[in-house]
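Asks: Everything below, folded, please.
(one chain, ligands or ions: 1)
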Amino acid sequence: MTFGVIEGTGFETVEPEFGGLLTGHGRVERLWTGARWSEGPAWFAAGRYLVWSDIPNNRMLRWDETDGSVSIFRDPANNSNGNTVDPQGRLVTCEHLTRRVTRTEHDGTVTVLADAHEGRRLNSPNDVVVRADGSVWFSDPSYGIMTDYEGVRQEQEIDACHVYRIDPDGTVTIAADDYVKPNGLAFSPDQRTLYVADTGASHDPDGPRHIRRHAVAEDGTLSGGEVIAECTAGLFDGFRLDTAGRIWSSAADGVHCLSPDGTLLGKIHIPEIVANVCFGGPKMNRLFICGTTSLYSAYLTVNGVPPYRR
Ligand code: MG
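Replies: Residues are numbered from 1 along each chain as shown. As a prediction, the model looks like this:
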């Protein structure tokens, strides 16, 4: 752990509200470095550790809050990407190499939740969240099968990139079919709103680089889908929300904090491209930040929405 001010880090207030979200003397800590492309942080409250993916190195890592050590959680890891914790405290993982979403049970065995839709293999599940009703929502862009770098170059069987919902009975349904490259996603604290990032600009300069907002009906049907924020630095990849509904999103220059309506409130500057974040710590007031080679964190005065407690 580094206690000095890390070059390239800092806080930028855009709207006055942002200042109240910071601790005043707080700074960004670099907890560990040595990954190639960090993604998918997930906080395990009972174990006091964070699991995340190092996609090109085909491994998952674990940072232990009790002593700050980092060890291998899973290797090989099927080029895992996004991770989350379900309401029962189980790890749910998107895997590029095997083109599937899995759940790691309490006894350590791995259950496949989805690997196909209507007989066709998924592209490469990217990010995932679980709703209180047990439904699992994930994005399925094609990044993991476009090259061998973060998966394996393979044929795309589904001719588009969708957002999917897995119902508790295992049924896999297309939740949204009008995305170019759906990516990060997260629910509002009351779970009646789903935010989804589209990173279509990664391979088309004119493509989307925004976050959209959907209303979620009781049966899981989505409506709306309006764009609420355009990314002003690279792309919005993964993000998580605090208990007031603010969006803490990855971007090329760090973390962008957005109001629920998409207004940029401020930034946490990180000297590497950020791919994803999650809240953690016993009080859920610590933001963990996956920034390319490194794992960073910053304490805030706000608390994240815990995935395992409703
Ligand atoms: Mg992603």
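
Asks: can we go C-alpha only for contacts and neighbour counts from here?
Replies: Fine.

Asks: which residues touch the residue positioned nearest the centre of the chain?
Replies: The centroid of the chain falls nearest to G238 when counting by C-alpha atoms, centre = their mean (3.6 Å). The contact partners of G238, taken as C-alpha atoms under 8 Å, 6 or more residues apart in numbering, are G40, D127, N183, G184, L185, A197, S249, S250, A275, N276, V277.

Asks: Repeat the analysis, applying 7 Å as the threshold.
Replies: Under the criterion of C-alpha atoms under 7 Å, 6 or more residues apart in numbering, the neighbours of G238 are N183, G184, L185, S249, S250, A275, N276, V277.

Asks: cool, R103 as well?
Replies: Residues touching R103, when contacts are defined by C-alpha under 7 Å, 6+ apart, comprise R90, L91, V92, T93, V110, T111, V112, L113.

Asks: These, buried ones only, as a PyMOL selection?
Replies: Paste this into PyMOL to select the buried members of the contacts of R103, with burial taken from 16 or more other C-alpha atoms under 10 Å:
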select buried, resi 90+91+92+93+113
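
Asks: For the stretch 51-200 of the chain, what lies in contact range of the ion?
Replies: Taking C-alpha under 5 Å from the ion as the test, the list of the stretch 51-200 of the chain residues beside the ion reads N183.

Asks: can you give me the strands in the stretch 51-200 of the chain?
Replies: When assigned using DSSP state E, counting those that start in this stretch, the strands of the stretch 51-200 of the chain occupy the ranges 59-64, 70-74, 80-85, 91-95, 100-104, 110-114, 116-117, 120-121, 127-130, 136-139, 163-166, 172-176, 182-187, 193-198.

Asks: Mean pLDDT for the ones you listed - can I get that in a markdown table?
Replies: Written out in a markdown table, the entries for those read as follows (pLDDT from 0 to 100):
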| stretch | mean pLDDT |
| --- | --- |
| strand 59-64 | 98 |
| strand 70-74 | 98 |
| strand 80-85 | 98 |
| strand 91-95 | 98 |
| strand 100-104 | 98 |
| strand 110-114 | 98 |
| strand 116-117 | 98 |
| strand 120-121 | 98 |
| strand 127-130 | 98 |
| strand 136-139 | 98 |
| strand 163-166 | 98 |
| strand 172-176 | 98 |
| strand 182-187 | 98 |
| strand 193-198 | 98 |
